[in-house]
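**Student:** below is the sequence, then the predicted model.
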Amino acid sequence: MKNYESIEDQFEEAWNSPYSVISNKEIERSWKKFPVYLRLKEKRGYVKAGLAAVAVMILLFTSYFFLEIYNPIITVVNFSQVEKEVRLSDGSLVLLKKDSEIRYNENFRNSRGVELKGEAFFKVEKDSMRVFKVVTGSTTTKVLGTSFSVIEREEGEIVEIFLYTGRVMVSVKGKAESWGLIPGESFVYSEGKAYVEKFDTNLSFESGNQFIDINNLEIEELFKFLEKRFDYEFDKNHYTKNKRVTLRVNKKDSLEQILKLLSIINNTTYEINQEKREIQVFSK
């Protein structure tokens, strides 16, 4: 049997241990069976063992109900087409993208842990005493106070993390190595491989920008930004090779508005295939 230095240590381990949900029917059935069990034990001279069993059952059920009532899980799902703002109890901000979900304890200020399915931007309030964690199917991102985006696809098989300010530490389930990021670096996990890339922090609305000024940028780099923003794939061909653009993109601009502007600037035509979510580029 494990020795504990104090009852607080024992309670902390019990609190953090995983537990399964027990139905009310199962609890009621157990209590009905218990008197029979106690009589059998009493006949065999095991009254003391029976009383110990009562104490264990009371402790288990009390702990279960305490966990359920006082530390419930909150789930937020964004079914809309626009990002959903979620303000956590520690002051941190989450911008939850469409078709995405987060789960966290109602007593969030103590745990500072969020489970993510999909995509979200996080602006984390600094707390030097409590680490903020974002957990996906395969990665865990730890920060104290910073702003970053996490994109999770295919149940964690593909994860991308983009850091805008501060620092983060990323670990992958099943791997001993961890990766530290600085602003302008992104972490990519795909097909069992992990690596770090550079990206332009200015080419993003996530840091709170309402518009982006693009100056003499290669158009194919702009396409990468638009692909991520609108979930379309651009056909990159000789009409786009080595072309550069200068323009302002507003946060509220639609894909059609941006393509219309690009068509005027570069004397090209853009055709949108809604079914395949592809954009083809032609010369006028």
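**Tutor:** Received the coordinates, thanks.

**Student:** going forward, measure contacts and count neighbours with C-alpha atoms only.
**Tutor:** Will do.

**Student:** show me what the residue nearest the centre of the chain is bridged to.
**Tutor:** Centroid-nearest residue in the chain: Leu116, 2.7 Å away (criterion: C-alpha atoms, centre = their mean). Legend: beta-bridge partners of Leu116 under DSSP bridges are Ile102.

**Student:** just the one 5 residues further on next, same as before
**Tutor:** Residues found in beta-bridge contact with Phe121 (criterion: DSSP bridges) are Leu95, Ser149.

**Student:** and the gap between Ile279 and Ile219?
**Tutor:** To Ile219, Ile279 is 14 Å away according to C-alpha to C-alpha, to the nearest Å.

**Student:** let me see the domain layout of the protein.
**Tutor:** Structurally, the chain divides into domains by automatic domain parsing as follows: 7-70, 73-198, 211-283.

**Student:** among those domains, which is nearest Phe205?
**Tutor:** When the domains of the chain are compared by C-alpha to C-alpha, domain 211-283 sits nearest Phe205, at 6.8 Å.

**Student:** okay if I get the domains of the chain as TSV plus distance to Ser204 and mean pLDDT?
**Tutor:** Supplementary listing: the domains of the chain in TSV, determined by distance: least, C-alpha to C-alpha, whole Å; pLDDT from 0 to 100:
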stretch	distance to Ser204	mean pLDDT
domain 7-70	38	53
domain 73-198	9	92
domain 211-283	7	88
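
**Student:** most tightly packed of those?
**Tutor:** domain 73-198 (a mean of 17; mean count of other C-alpha atoms under 10 Å).

**Student:** what's the offset of that one from the middle of its chain?
**Tutor:** Relative to its chain's centre, domain 73-198 lies at 4 Å (C-alpha atoms, centre = their mean, to the nearest Å).

**Student:** before we move on, what about stretch 228-241?
**Tutor:** For stretch 228-241, the distance between its averaged C-alpha position and the chain's averaged C-alpha position is 27 Å (C-alpha atoms, centre = their mean).

**Student:** contacts for that stretch next, please.
**Tutor:** Contacts to stretch 228-241, defined as C-alpha atoms under 8 Å, 6 or more residues apart in numbering, come from residues 219-220, 223, 226-227, 255, 268, 277-283.

**Student:** that one: end-to-end distance?
**Tutor:** Its first and final residues considered, stretch 228-241 spans 20 Å by C-alpha to C-alpha.

**Student:** hmm, back to that, could I get the contacts of stretch 228-241 as a markdown table with distance to Asn209 and secondary structure?
**Tutor:** Compiled in a markdown table, these are given as follows (distance: C-alpha to C-alpha, whole Å; DSSP: H, G, I helix; E, B strand; the rest coil):
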| residue | distance to Asn209 | secondary structure |
| --- | --- | --- |
| Ile219 | 21 | helix |
| Glu220 | 22 | helix |
| Phe223 | 19 | helix |
| Leu226 | 16 | helix |
| Glu227 | 19 | helix |
| Leu255 | 18 | helix |
| Thr268 | 28 | strand |
| Arg277 | 26 | coil |
| Glu278 | 27 | strand |
| Ile279 | 26 | strand |
| Gln280 | 29 | strand |
| Val281 | 28 | strand |
| Phe282 | 31 | strand |
| Ser283 | 32 | strand |
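
**Student:** want to throw these into CSV with distance to Asn237?
**Tutor:** Supplementary listing: those in CSV, determined by distance: C-alpha to C-alpha, whole Å:
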residue, distance to Asn237
Ile219, 11
Glu220, 10
Phe223, 12
Leu226, 16
Glu227, 16
Leu255, 20
Thr268, 12
Arg277, 17
Glu278, 13
Ile279, 12
Gln280, 9
Val281, 8
Phe282, 9
Ser283, 11
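
**Student:** appreciated, that's everything.
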